[in-house]
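Asks: Okay, sequence plus prediction incoming.
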Amino acid sequence: MATLAAQAPLREDASTIGVVSIAHGLSHFCQLMVPPLFPWIGASFGLSNTRLGLLMSVFFVVSFCGQALAGFVVDRHGAPRVLYGGLGLLGVAALGLGASPSYAVMLFFMALAGLGNCVFHPVDFSILNARVSASRLGHAYAAHGISGNLGWALAPVFVAGIAHATGSWRAALFSVAGLIGLVLAGVWIFRSWLVVPSAQPAAGGHAAAAPGALASAGGRFDFLRLPAVWSCFGFFLVSALALGAIQTFAPVAAGRLHDVPAAQVAVCLSIYMACAAAGMVLGGYLVRDPSLSARIVAGGFGVSTAVALLIALGSWPAAMVPALFGVMGLGAGIAGPSRDLLVRQATPPGATGRVYGVVYSGLDVGMTIAPLVFGALMDAGAHRGVWLGVALAQLVLIATAFNVKRNWRAAPGPAARA
């Protein structure tokens with residue numbers, strides 16, 4: 001049976017992908033609105049690296065708790081409403097962070113930001129899987145991932161640039177709040193590209209679940225019995241351990257190991273994210289063959305693991321370190337679209353929001369743990385240990401990707417046929 005999504009004109013698919021990707025990019029941007037300001041915030045409140053890392057742990061603990069629940073809310077009430085709420089919470093949180101008079105108040109607003117952040121993956125993939133043509137889903141996943149990496153790449157430059165120019169980390173956070181307001185207004189104006197009628201089948205032959213309907217695979221919680229879902233959860237948890245280190249303390253650790261100037265250290269993360277976005281373009285084409293998804297993930301993270309070991313164990317001139325970050329980001333980016341396809345293959349019909357909510361909450365668990373673990377390593381002066389930890393996490397990802405594929409192939413019923 002042909003699906004409505006499969007017959008959608010290119011303009012409609014592109015518009016949906018564009019609006020979703022812009023919102024997703026902003027969510028990633030907001031995940032890094034605070035870490036680049038750690039030197040200013042730490043000096044302002046007299047904080048150690050571990051206490052600064054706790055700010056991010058609070059963010060991701062709340063995001064983890066909320067993300068799985070957000071998937072149920074999306075399936076029941078529809079993705080657009082949940083998206084507006086998430087953007088609004090992020091805006092309020094950015095304003096509150098900029099005005100915080102103490103570290104304790106910052107912890108509260110980081111929790112509020114985590115609540116806003118939790119909605120995006122269940123919202124985004126519910127919309128993309130339902131509205132975008134099956135033949136263009138690989139490109140949709142690539143665009144979605146690219147927007148996230150661009151958000152990560154732009155945030156350090158944006159907030160650190162404003163902090164340097166104004167001498168105020170608070171001005172940087174107020175500017176982030178203004179940017180969120182602009183994106184929320186744009187998403188509202190183009191909201192027609194986000195609506196999924198309850199009768200519209202989802203891409204790939206799955207019927208989109210009407211608000212409040214039970215998943216066609218069974219009850220609301222039946223998907224939790226699928227080993228593939230928990231394999232995906234574990235995959236994202238380990239992935240986030242590596243990514244959390246790269247986003248917080250790994251650039252500084254590389255700077256200490258290889259005598260990289262502070263200004264160049266800040267650029268390393270932006271280079272990593274920009275190259276990861278470029279890698280996702282290639283990954284979007286490679287993902288056309290679903291049977292290769294696990295191999296592509298393994299190949300991409302294999303490159304990233306090798307580079308992490310080179311940074312940890314080698315001796316490099318400062319000028320080479322940003323280039324190594326770029327190669328590592330390229331490998332991770334190539335793996336991105338295939339990673340998302342692995343999750344889709346594990347998703348029963350009618351449970352998209354719930355599955356993506358639970359699976360992507362693994363990211364939040366990993367991002368909660370990473371700042372504490374790697375912050376403690378930094379405080380102990382174990383800069384090489386930070387990079388060995390990144391390499392180990394990415395090596396585990398390679399094995400986990402094949403475990404995910406094995407589990408969804410072995411799953412009975414709709415999940416195996418997804």
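Replies: Now that the structure is in, tell me what you want to look at. Numbering: from 1, shown residues only.

Asks: contacts, neighbours, all on C-alpha from now
Replies: OK.

Asks: Assess the claim that Val260 and Ala254 are in contact.
Replies: Yes - between Val260 and Ala254 there is a contact at 7.4 Å, judged by C-alpha atoms under 8 Å.

Asks: Overlap in contacts, these two.
Replies: Counting by C-alpha atoms under 8 Å, 6 or more residues apart in numbering, the shared contacts of Val260 and Ala254 are Val321.

Asks: Neighbour count for the two, which is higher?
Replies: Ala254 (26 against 23; other C-alpha atoms under 10 Å).

Asks: pLDDT score assigned to that one?
Replies: In this model, Ala254 is scored at 94, pLDDT.

Asks: phi, psi of it?
Replies: Torsion angles at Ala254 (phi, psi; degrees, to the nearest 10) stand at phi -60, psi -40.

Asks: Next: the one 5 residues further on.
Replies: When read as degrees, to the nearest 10, the backbone of Asp259 gives phi 50, psi 50.

Asks: Am I right that it is in contact with Ala319?
Replies: No - Asp259 lies out of contact with Ala319 (C-alpha under 8 Å); the separation is 9.8 Å.

Asks: neighbour count winner among those two?
Replies: The neighbour comparison of Asp259 against Ala319 (other C-alpha under 10 Å) goes to Asp259, with 16 against 13.

Asks: which residues touch the more buried one?
Replies: Going by C-alpha under 8 Å, 6+ apart, the list of residues near Asp259 reads 317-318.

Asks: what does Leu282 give?
Replies: Ile334.

Asks: Just want to check the distance between it and Ser135.
Replies: 16 Å (C-alpha to C-alpha, to the nearest Å).

Asks: cool, Cys118 as well?
Replies: Noted for Cys118: a distance of 28 Å to Ser135, by C-alpha to C-alpha.

Asks: When those two are compared, which one has more neighbours?
Replies: Cys118 (30 against 14).

Asks: What distance do you get for that one to Ser147?
Replies: Distance of Cys118 to Ser147, given as C-alpha to C-alpha: 17 Å.

Asks: and if you look at Leu397?
Replies: To Ser147, Leu397 is 23 Å away according to C-alpha to C-alpha.

Asks: Could you do Leu237 as well?
Replies: Counting by C-alpha to C-alpha, the gap from Leu237 to Ser147 is 21 Å.

Asks: Ok, Arg354 next?
Replies: For Arg354, the distance to Ser147 - C-alpha to C-alpha - is 23 Å.

Asks: Now for Ala263, how many residues are close by?
Replies: Using other C-alpha under 10 Å, Ala263 has 8 other residues around it.

Asks: That one: helix or strand, and which one exactly?
Replies: For Ala263, the host element (DSSP states H and E) is helix 262-286.

Asks: can you pull the buried residues of the next helix or strand after that helix?
Replies: Note on helix 262-286: by DSSP H and E, the next helix or strand toward the C-terminus is helix 293-313. By 16 or more other C-alpha atoms under 10 Å, the buried positions in helix 293-313 come out as 293-312.

Asks: packing partners for helix 293-313?
Replies: Judged by 3 or more C-alpha pairs under 8 Å, 6 or more residues apart in numbering; DSSP states H and E, helix 293-313 is in contact with helix 250-258, helix 320-345, helix 383-410.

Asks: I'd like those helices laid out as TSV, including distance to Pro36.
Replies: Converted to TSV, the helices and strands packed on helix 293-313 look like this (distance: least, C-alpha to C-alpha, whole Å):
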stretch	distance to Pro36
helix 250-258	11
helix 320-345	17
helix 383-410	18
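
Asks: out of the ones you listed, deepest packed?
Replies: helix 320-345 (a mean of 25; mean count of other C-alpha atoms under 10 Å).

Asks: elements contacting that helix?
Replies: helix 137-166, helix 227-248, helix 262-286, helix 293-313, helix 383-410, helix 414-417.

Asks: could you dump the ones you listed to TSV with mean pLDDT?
Replies: Listed next are the helices and strands packed on helix 320-345 as TSV, based on pLDDT from 0 to 100:
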stretch	mean pLDDT
helix 137-166	86
helix 227-248	84
helix 262-286	83
helix 293-313	91
helix 383-410	82
helix 414-417	42
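
Asks: Turn the ones you listed into CSV, including distance to Leu37.
Replies: Output for these, formatted as CSV (distance: least, C-alpha to C-alpha, whole Å):
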stretch, distance to Leu37
helix 137-166, 6
helix 227-248, 11
helix 262-286, 11
helix 293-313, 24
helix 383-410, 20
helix 414-417, 43
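
Asks: Tell me which of the ones you listed sits nearest to Met56.
Replies: helix 227-248 (9.1 Å; C-alpha to C-alpha).

Asks: so that closest one versus helix 320-345, what angle?
Replies: With axes from the mean of the first three to the mean of the last three C-alpha atoms, to 10 degrees defining the directions, helix 227-248 sits at 160 degrees from helix 320-345.

Asks: Only C-alpha atoms, please: export helix 227-248 in CSV.
Replies: Written as CSV, here are the backbone C-alpha positions of helix 227-248 (Å, rounded to 0.1, in the frame of the first residue of the first chain):
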residue,chain,number,x,y,z
PRO,A,227,15.9,-6.1,23.5
ALA,A,228,16.7,-3.9,20.5
VAL,A,229,15.3,-0.9,22.3
TRP,A,230,17.6,-1.4,25.2
SER,A,231,20.5,-2.1,23.0
CYS,A,232,19.9,1.2,21.4
PHE,A,233,19.6,2.8,24.8
GLY,A,234,23.0,1.4,25.8
PHE,A,235,24.5,2.5,22.5
PHE,A,236,23.5,6.1,23.0
LEU,A,237,24.6,6.1,26.6
VAL,A,238,28.2,5.1,25.6
SER,A,239,28.1,7.5,22.7
ALA,A,240,27.3,10.3,25.1
LEU,A,241,30.1,9.5,27.4
ALA,A,242,32.6,10.2,24.6
LEU,A,243,30.7,13.2,23.3
GLY,A,244,30.3,14.7,26.8
ALA,A,245,34.0,14.5,27.3
ILE,A,246,34.7,16.1,23.9
GLN,A,247,32.2,18.9,24.6
THR,A,248,33.5,19.8,28.1
